[in-house]
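[1] take this sequence and fold it.
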Amino acid sequence: MKTDVRALSRVQEWYGPHSSTAAEWPVDALLLAKGTTTVSVVLPARDEESTVGDIVTVIRRELVERAPLVDEILVVDSNSTDATAERARAAGARVVAQNDVLSHLPPLTGKGEALWKGLAASSGDVVVFVDADLRSFGAHYVSGLVGPLLADADLHFVKATYERPYIGADGVPQRGGGGRVTELVARPLINLFWPELAGFAQPLGGEYAARRSVLEQVPFVTEYGVEFGLLVDLLDLVGLDAMAQVDLGHRTHTHQDMAALGRMAGQIMLTAWSRLEGQGRVMASEPPAHTLLQWGLDGDADLVDVAVAERPPLASVLEEDPA
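    This is a model prediction of the structure:
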């Protein structure tokens, strides 16, 4: 009980000074604070032709042309089969194919792979990651996340928080219905094993910003455990006081079906296990299984692999092969 009380006290102590809203970071003020700091926005995108162009258009219009806050917009095309790359390029982004970045390395799959390749292909001192399937995007998503980093040199990582409604087949938003894997898997794991991180309201959200200098020092899980792994690893690297969150309002996006969410949950649990094992907090005679048997409505079964690979810290790769 004493441990629980101390953890809660620590979160409460952190929350106020390290939580803000996007409105507290007006673009004009950020331009004054920017100085010589460069900002890259990276969007991992797989088959997002319906949304990626609109997101890039808003960033370019509001934060490149009207106010020069963003220096680079990079879309990482993660093996799309639609017109994602063409739409992003037409809207003004630089587009790279995921497998063309550090192409001498064996290719891997997953969202985390696209993020790691985006980090490698971009150049900004501050890197902002934004999911490419957002349907509620505004320029404040970027300016809000960049704000604390430009204002406070002691901050290294900023995570977005927002309301995540669930929009069902009827098109009616259900408040608080989004983020099902967050509530059922990630939040319990965080509170059990890393309670210092419990103040992050959206630990799995895809919008966050960080200094390149720290992102290059941590590994990236290549699948959907990437956000969970980054939170835990950055806590170890820079400490809670170097982390913050910004409320961006609300977030709507394309929802995954229940089977996909189950696979995501498995990947997050394996990511958590790897961190606990790496920290010497669990020991096992054999590794956990990485297959998931999923049952369909008609009684059919599908055995899927939810194993997660990891890319090493980018800095170590660049040291071995600077080219």
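[2] what's the neighbour count on residue 20?
    The tally of other residues near residue 20 (other C-beta atoms under 10 Å) stands at 18. Every C-beta, even on glycine, is put in place using the N, C-alpha and C of the backbone.
[3] tell me how far it lies from residue 99.
    38 Å (C-beta to C-beta, to the nearest Å).
[4] same question for residue 286.
    For residue 286, the distance to residue 99 equals 33 Å [C-beta to C-beta].
[5] okay, those two: which has more neighbours?
    Shown here are residue 286 and residue 99; by other C-beta under 10 Å, residue 99 has more neighbours (17 against 5).
[6] name the SS class of residue 74, please.
    Using DSSP: H, G, I helix; E, B strand; the rest coil, the structure places residue 74 in strand.
[7] which pLDDT value belongs to it?
    Note for residue 74: predicted pLDDT of 98.
[8] equivalent analysis for the one 3 residues further on, please.
    Among the per-residue scores, residue 77 shows a pLDDT of 98.
[9] hmm, it is touching residue 100, no?
    No. Counting by C-beta atoms under 8 Å, residue 77 stays clear of residue 100, with 9.1 Å between them.
[10] pick out whichever of those two has more residues nearby.
    Remark: of residue 77 and residue 100, residue 77 carries more neighbours, 25 against 12, as counted by other C-beta under 10 Å.
[11] which one is that one nearest to, not counting chain neighbours?
    Distance criterion C-beta to C-beta, 6 or more residues apart in numbering; nearest residue to residue 77, sequence neighbours excluded, is residue 85 at 4.4 Å.
[12] burial measure for residue 198, as a count.
    18.
[13] how much space separates it from residue 191?
    Remark: distance between residue 198 and residue 191 (C-beta to C-beta) = 5 Å.
[14] sticking with residue 159, tell me its helix or strand.
    strand 157-163 (DSSP states H and E).
[15] what's that strand packed up against?
    Strand 157-163 is packed against helix 140-151, strand 208-211, helix 226-238, strand 243-250, with contacts defined by 3 or more C-beta pairs under 8 Å, 6 or more residues apart in numbering; DSSP states H and E.
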